[in-house]
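Q: predicted model, plus sequence, below.
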Amino acid sequence: MIPAWLKTRLDMVFGIDLRTLALFRVMLGTVLLADQLCRVVDLTAFYTDLGVMPRDWLLSTNGLWRVTFHAANGEWWFAALLFGIEIIAALLIIFGWRTRLALVIAFVLNASLLNRNPMVLLGGDILLTCLIFWAIFLPVAARASLDAALSNTPAPADNLHRSWASVGILFQVMSVYFFSAILKSGADWHNGTAVFYALSIDGYSTPLGQWLKTFPQLTTGLTHYVWWLEMVGPILVFVPVLSRAFRFAVMAMLMAMHIGFIFCLELGPFPYISLTSLSLLAGGWLWDAAGRLRDRRAAALGPQPLRIYYDRDCGFCLKSVLILRSLLLLKAEIAPAQDTPRAKSLLEANYSWVILDHDDHAYLKWPAFVILLRRSPLFAPIGWLLSGGWAVPIGNAVYDFVGRNRGGFGQISGALLPFHDRPFESGPIAQALAGFTMVVLLTWNFCTIHWLPERLYAMLTPPLRKVRLDQYWDMFAPFPSREDGWFVIPATLRDGTEFDLLHPERKGISYDKPEYITHEWQNIRWHKYMERVWSAAFADNRLYYGRWLCRDWNTTHTGQQQLDTFKIIYMLEKSVPPGQTPTVEQIVLWRHGCFAVPASNATK
């Protein structure tokens, strides 16, 4: 039996509010959905045998430990099928329907996806997979979800949740910063130049970032601020005294740091995934304060809450109002219209649901939906936008269509959205697994900073890499890279025409530095891929990149306009201290013939 004083402290430090978990769930599903949609654009190039990473090269690089379902078939339709399943899982997570099953599917497929494309991995990819894993063990659907709306058993009444999983995910979120600070051991972080050199990497720096690096005193201050925030912030989060103030301050400062990353550095989804993880630090007191504000606004309107009346003979209607009340975060009474004479007469006369507000004003059809939006603490702005008279005919037409076909909608909802008895919280076995995983991952992270034996790291590596819970938080560590540059690919068509394959729309071949290197690539994953093409560790992939360039061009060109030969040249520019002019070195990484065996590898 835990003493009351200790339980209070544990709840303060390791408890997470169920409303916070609902926010986290929506943000998690949204970043997962956005990530999948961005990846689909390059489905053939990155995830099929016709792309830059066919399965034979993947097997030779990944080894047997990194098993991936995405390598079961190398054709585009199979990759599209797996992407489609994960996109559906992300949507289910957002709306909170069959949430735990959707999270399991998302975790398995996301881990598999990371093992399919090691050359386009970003810093946030592993963090996203870890967050999905921990969410499996948490009651993320206990509030504002379809699961909560359609449950035959009520969700937990207490908003505070504490378990091994809540401890684990909080340690996971803070590990990103604490271990990153430890790994930032280079002199740049201690002499105040790290942010300057990070912003000097033109491949990542935005126009705003390039402008900021011209203020050395500012970048020096930001360097020390980032390091101390990452080192001390995680400690303050777990201090049991004044935890509310510390946690809110750390959340706000870390979120501000990531918002700064968004504007100054092209880091792909990493800042957004990090903002999602930091949302877990939002304490219940914030929701309580928002609730009191909402209650005061409602009290100013009148003593009566919203009352929603539905047709008792329509099971689909009941589900609809339960779902709306849950997703819109409404305080509203729900009852059959047949039990209230006024509501019954309005329903029968207008063939419509009925909503009565604080002053007993009745709303029907589309205006009834709009009043729910306007009373929602989250969707009130949308309600105001849709409250104009222009939307009423359209909205009523949609409502009437649904009403005429409610039998069919009822059958669909009966099959896809049945009432259920699934528990919101995971059982003791699942929590034991969460606790064990927490210990393993903390051990792994301490191994990455060499505070534990190397043999322990070697023992943990195979299983953690297999499920992609392996993590190494070395962002700009031990110091920001000094190497930067851009690519030029001079190519020749079969008719002898010479051009830059990366910029076929331009005349001639230019080796000049682009104004913004971040604009050279379609997206961050192509940037990361080309960065690894330059790396000696992935030199054997240059052949496959060359083959893909040939296929990509020659499938849309014929005859003498087909691609014949090209060179992959990297213009290496190393960052230098303020006031110095960098030099550029031209390095030929690869020579390729589309109709002949490649002649050679990296040469200068």
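A: Perfect, I can see it now.
Q: point out where this structure drops to low pLDDT.
A: By pLDDT under 70, the weakly predicted segments of the chain are 1, 63-66, 298-304, 597-604.
Q: any idea how far Arg547 is from Trp553?
A: 11 Å (CB to CB, to the nearest Å). In this view, the C-beta of every residue, glycine as well, is placed from N, C-alpha and C.
Q: kindly report the same for Gly260.
A: Counting by CB to CB, the gap from Gly260 to Arg547 is 40 Å.
Q: now do Pro577
A: For Pro577, the distance to Arg547 equals 41 Å [CB to CB].
Q: swap in Ala102?
A: As judged by CB to CB, Ala102 and Arg547 stand 37 Å apart.
Q: the two: which is more packed in?
A: Ala102 (26 against 17; other CB atoms under 10 Å).
Q: quick check, the more buried one in a helix?
A: Yes - assessed with DSSP: H, G, I helix; E, B strand; the rest coil, Ala102 lies in a helix.
Q: who touches it in this structure?
A: Neighbouring residues of Ala102 by CB atoms under 8 Å, 6 or more residues apart in numbering: 89-90, 92-93.
Q: tell me which two in these are the farthest apart.
A: Ala90 and Leu92 (7.3 Å; CB to CB).
Q: okay, strands next: where are they in the stretch 251-400 of the chain?
A: Along the stretch 251-400 of the chain, the segments classed as strands by DSSP state E, counting those that start in this stretch run 306-310, 332-336, 354-356, 362-364.
Q: if you count neighbours, what's buried in the host helix or strand of Phe436?
A: Using DSSP states H and E, Phe436 sits in helix 428-448. By neighbour count on 16 or more other CB atoms under 10 Å, the buried set for helix 428-448 is 430-431, 433-435, 437-438, 441-442, 444-448.
Q: CSV for the residues you listed, including distance to Cys317?
A: Shown next, in CSV, are the buried residues of helix 428-448 (distance: CB to CB, whole Å):
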residue, distance to Cys317
Ala430, 36
Gln431, 38
Leu433, 41
Ala434, 39
Gly435, 44
Thr437, 43
Met438, 45
Leu441, 47
Leu442, 50
Trp444, 51
Asn445, 51
Phe446, 56
Cys447, 57
Thr448, 55
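Q: out of those, which one sits closest to Leu128?
A: Leu128 lies nearest to Leu441 out of those, by CB to CB, at 15.1 Å.
Q: which residue is the nearest non-sequential neighbour of that closest one?
A: Distances taken as CB to CB, 6 or more residues apart in numbering put Leu469 closest to Leu441, at 6.4 Å, once the chain neighbours are dropped.
Q: just the strands from the stretch 401-550 of the chain, written as ranges.
A: 483-488, 490-493, 498-500.
Q: so which of those is nearest Trp521?
A: When the strands of the stretch 401-550 of the chain are compared by CB to CB, strand 483-488 sits nearest Trp521, at 9.2 Å.
Q: please name the strands paired to that closest one in the sheet, noting orientation.
A: Sheet neighbours of strand 483-488, with direction, are listed as strand 563-574 (antiparallel) (DSSP bridges).
Q: so after the strand it pairs with, what's the next helix or strand?
A: From strand 563-574, the next helix or strand downstream (DSSP H and E) is strand 584-593.
Q: now Gly508: how far from Tyr516?
A: Taken as CB to CB, the span from Gly508 to Tyr516 is 20 Å.
Q: could you do Glu348 as well?
A: 65 Å.
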